[in-house]
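[1] give me a model of this one.
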Amino acid sequence: MAAFRTLDDLGDVAGKVALVRVDLNLPMADGRATDVTRVEASAPTILELADAGAKVLLLAHFGRPKGMRHSTMSTSLVQGDLERVLGREIMFIPEVMGPVVEQSIGILRNGDIGLLDNVRFWPGEEANDPAFAQGIAAHGDFYVNDAFSAAHRAHASTEGLAHLLPAYAGRAMERELRALEAALGTPQPPVAAVVGGAKVSTKLDVLENLVGRVQHLIIGGGMANTFLAARGVDVGKSLCEHDLTDTANRILDRADHSGCTVHLPYDVVVAREFAANPASLRTVNVHEVAADEMILDIGPQAVEALCDVLKTCRTLVWNGPLGAFETEPFDAATVALARIAAALTQDGSLISVAGGGDTVAALNHAGVADQFSYVSTAGGAFLEWMEGKPLPGVEALRA
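    Residues are numbered from 1 along each chain as shown. Here you go, the predicted structure:
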């Protein structure tokens, strides 16, 4: 793994201005954040720098203002949530560069924290305009990126600044990069990947990348139906991308040549209507799905076999649920496999890394999110990493 500069590489920061990119794109209701996980993730970095005497200026985006000011998208709206999590007072600064920022830095004492306004209020942010990045950089002595979730974007505050100032990975970014390196960079084999979700089309690049890198590929969710159809199985009324069967077959062929075993369900849970505990619910062999039935989860025999596969593996990467987990009883396969993965992680035989919005929700639903080695809350960035694509915000931090 190419080395990244981290906070451990910083010398004395007392009196210096740290420009710290964080993720404050929080879900809101009634003027308060409904989930402060992202603030909690960056708190160690912010407090470590403040406690070392730096003046910490926080850079973040909030919503999609498209290069214009909107009072409903000012980062001042999350100032209170930040103060509650950090246990510190924070100065809100309604600009990102210029005399107002300069004056504010003069008022801040060593160890104080300032919150700059939404970087996306300026078109130069998403355009990664060098002059805009230069304007922000003029106020800082060094730059810290602690927002992995925005690392797939080459924006001024995620990528541009890293070329203008000494740049470091924050603690949350560092943890994420170490976890990802352990999962797909230089993992302990055998490696299993669980890829679920509704559509193959959204995960094509992920599947193409993984078949050459893992020993076991477990496909679930609606995407499994497309692979089953490619293998000649009649999937009835199931969600299925029939136009992608050639693509599915190509992936299966590549897996064969790479020594990767693809696991598709051989028993499935079906129903005629998608509803909680429907009367038409039954578990059948995949070849027994009726024309008016939908596959909504993987069956218990297939789950048992998958649990046995995980017991032979040392590393697991997970993205996407195995069934329609939001509706009972179609959460059974996801919950069962997640709990086995968690148990294997806890007894030290498996390194487990999971990510993506639905995945986090599914692991929370199974009650095991805190028992995996690492759960990434970054959606797009995690997916692009699974696709094997370089992330601009990460590449810019390489030592």
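[2] can you pull the contacts of Tyr266?
    Neighbouring residues of Tyr266 by CB atoms under 8 Å, 6 or more residues apart in numbering: 285-286, 299, 301-302. Heads up, the C-betas are built off the backbone N, CA and C, glycines and all.
[3] now, of the residues you listed, which are buried?
    Neighbour-count burial (16 or more other CB atoms under 10 Å) applied to the contacts of Tyr266 gives 286, 299, 302.
[4] the second one contacts Val270, doesn't it?
    By that I understand Gly299. No: Gly299 is beyond contact range of Val270, at 9.1 Å (criterion: CB atoms under 8 Å).
[5] what do those two both touch?
    With contacts taken as CB under 8 Å, 6+ apart, Gly299 and Val270 have 283-284 as neighbours in common.
[6] tabulate the buried ones among the contacts of Tyr266 (a markdown table), appending distance to Gly393, pLDDT and secondary structure.
    Below are the buried ones among the contacts of Tyr266 laid out as a markdown table (distance: CB to CB, whole Å; pLDDT from 0 to 100; DSSP: H, G, I helix; E, B strand; the rest coil):
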| residue | distance to Gly393 | pLDDT | secondary structure |
| --- | --- | --- | --- |
| Val286 | 42 | 97 | helix |
| Gly299 | 41 | 97 | coil |
| Ala302 | 38 | 97 | helix |
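[7] out of these, flag the one nearest to Val368.
    Within those, the smallest distance to Val368 is 19.7 Å, found for Ala302 (CB to CB).
[8] got the phi and psi for the residue lying closest to Gly320 once chain neighbours are set aside?
    Once flanking residues are discounted, Gly320 sits nearest to Gly196: 3.2 Å by CB to CB, 6 or more residues apart in numbering. Per-residue torsions, Gly196: phi -130, psi -170 (degrees, to the nearest 10).
[9] how close does Gly196 get to Gly355?
    Taking CB to CB, to the nearest Å as the measure, Gly196 falls 13 Å from Gly355.
[10] how many residues are close by Val309?
    The local packing of Val309 (other CB atoms under 10 Å) involves 18 other residues.
[11] confirm that it sits in a helix.
    Yes: using DSSP: H, G, I helix; E, B strand; the rest coil, the assignment for Val309 is a helix.
[12] ramachandran coordinates for the closest residue to it other than its chain neighbours?
    Excluding the flanking residues, the one nearest Val309 by CB to CB, 6+ apart is His216, at 5.5 Å. When read as degrees, to the nearest 10, the backbone of His216 gives phi -130, psi 120.
[13] quick one, what contacts His216?
    Applying CB under 8 Å, 6+ apart, the residues near His216 are 190-193, 260-261, 263, 309, 313.
[14] which among those end up buried?
    190-193, 260, 263, 309, 313.
[15] now do the helices in the stretch 151-300 of the chain.
    Applying DSSP state H, counting those that start in this stretch to the stretch 151-300 of the chain gives helices spanning 171-180, 204-211, 221-230, 245-258, 300-311.
[16] surely Gly197 meets Val206?
    No: here Gly197 does not reach Val206: they are 9.4 Å apart, not a contact under CB under 8 Å.
[17] of those two, which one has the most company?
    Taking other CB under 10 Å, Gly197 and Val206 do not tie; Val206 has more neighbours (24 against 21).
[18] closest to Gly379 among the contacts of Tyr266?
    Using CB to CB, those come closest to Gly379 at Ala302, 27.3 Å.
[19] the closest one contacts Ala333, doesn't it?
    Yes: counting by CB under 8 Å, Ala302 does reach Ala333; the two are 7.5 Å apart.
[20] how about Asn319, what does it touch?
    Contacts of Asn319 (CB under 8 Å, 6+ apart): 193-197, 203, 206, 354-356, 359, 382-383, 386.
[21] now Leu184
    Contact partners of Leu184, counting by CB under 8 Å, 6+ apart, are 191, 213, 317, 385-386.
[22] could you save those residues as TSV and add columns showing distance to Gly348 and pLDDT?
    Converted to TSV, the contacts of Leu184 look like this (distance: CB to CB, whole Å; pLDDT from 0 to 100):
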residue	distance to Gly348	pLDDT
Val191	17	97
Arg213	23	93
Val317	18	96
Trp385	25	88
Met386	25	89
